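Enquirer: Sequence below, structure please.
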Amino acid sequence: MTEAPTTSSTTTSTQAPATTTADPGPSDEDQILDVVRRYWDVVVEANNPPDPDSPLWETVATGQALEGVKDQSRRWLEERSGLRHPSPRQEQLSKIEILVLEDSVAVVNVCLRDDGILHNIDTGDVVDDEVIHLWIQVYAQYEDRWLVSEVQTIEQFDQEAACAGSF
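Expert: The predicted model follows:
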C-alpha cells in the first residue's frame, strides 16, 4: 500500500481581522414616533372602504386601540361610510412629542389635523368634511415591536396653532 505524500505550509497574515459592527437599528423613540404616524395612515387606509378585519390594524395597534379602530370600522361598514384623505393631502400631525418612555410603555402628545373625509361608500357623497384639530395622548406599548395601545382625546380646537401651543 502506498501512502500519498503530505505537505504542510504555514502562511502569516499581516492584515487586521475584519470587524463588523451590528447596526443597532432605529431607536425606541424613532420606532414610537413612526408607529404613531403610521397609525393615522392605517385608520384611513383600512377604512376606505371599511375593513374591520384588515391585517393592517395589527401592524399598528393592540389592546384598547385595536378594539376601538375595529369597532369604528364595523360601525362605518354598517352605515356604508368610508374615510379618505382630502385632496390635496396635508400633514396630519403638526406636533408630536414623547412625554414618557419607561421600559415597554410610552406616552406621546400629538396635535392631529383631523381632515379625513367621511363619505358614503355606495354613492361617494360626502357625509362629513369638517376639519378639526385634536390634542391627543397616545399610549404605546412594546410587544415584539411598538404598537399604539390607547388613544385619548384631551381637547379639540378649531385652529392648528391653538392645538400646537397647548403642550
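Enquirer: all strands for this structure, in order.
Expert: Ranges of strands in the chain, per DSSP state E, are 81-84, 93-102, 105-114, 117-120, 126-128, 132-142, 146-157.
Enquirer: Run through who's touching the last one.
Expert: Taking contacts as Cβ atoms under 8 Å, 6 or more residues apart in numbering, the residues outside strand 146-157 that touch it are 28, 31-32, 34-36, 39, 60-66, 68, 106, 132-141, 163, 166. Placement of C-beta: from N, CA and C, glycine included.
Enquirer: So among those, which ones count as buried?
Expert: A residue is treated as buried here by neighbour count (16 or more other Cβ atoms under 10 Å); on that basis the buried members of these are 31-32, 35-36, 39, 60-62, 65-66, 106, 133-141, 163.
Enquirer: remind me which residues of this structure are low pLDDT?
Expert: Within the chain, the set of residues satisfying pLDDT under 70 comprises 1-21.
Enquirer: Alpha carbons only: can I get stretch 26-45 in PDB?
Expert: Below are the C-alpha coordinates for stretch 26-45, written out as PDB (Å, rounded to 0.1, in the frame of the first residue of the first chain):
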ATOM      1  CA  PRO A  26     -33.800  52.700  14.900                       C
ATOM      2  CA  SER A  27     -34.000  53.900  18.500                       C
ATOM      3  CA  ASP A  28     -37.100  53.300  20.600                       C
ATOM      4  CA  GLU A  29     -38.000  57.000  20.200                       C
ATOM      5  CA  ASP A  30     -37.900  56.700  16.400                       C
ATOM      6  CA  GLN A  31     -39.900  53.500  16.400                       C
ATOM      7  CA  ILE A  32     -42.600  55.000  18.700                       C
ATOM      8  CA  LEU A  33     -42.900  58.200  16.500                       C
ATOM      9  CA  ASP A  34     -43.100  56.000  13.400                       C
ATOM     10  CA  VAL A  35     -45.900  53.800  14.700                       C
ATOM     11  CA  VAL A  36     -47.900  56.800  15.900                       C
ATOM     12  CA  ARG A  37     -47.600  58.400  12.400                       C
ATOM     13  CA  ARG A  38     -48.400  55.100  10.600                       C
ATOM     14  CA  TYR A  39     -51.400  54.500  12.900                       C
ATOM     15  CA  TRP A  40     -53.300  57.500  11.500                       C
ATOM     16  CA  ASP A  41     -52.400  56.500   7.900                       C
ATOM     17  CA  VAL A  42     -53.800  53.000   8.600                       C
ATOM     18  CA  VAL A  43     -57.000  54.400  10.100                       C
ATOM     19  CA  VAL A  44     -57.700  56.000   6.700                       C
ATOM     20  CA  GLU A  45     -56.400  53.200   4.500                       C
END
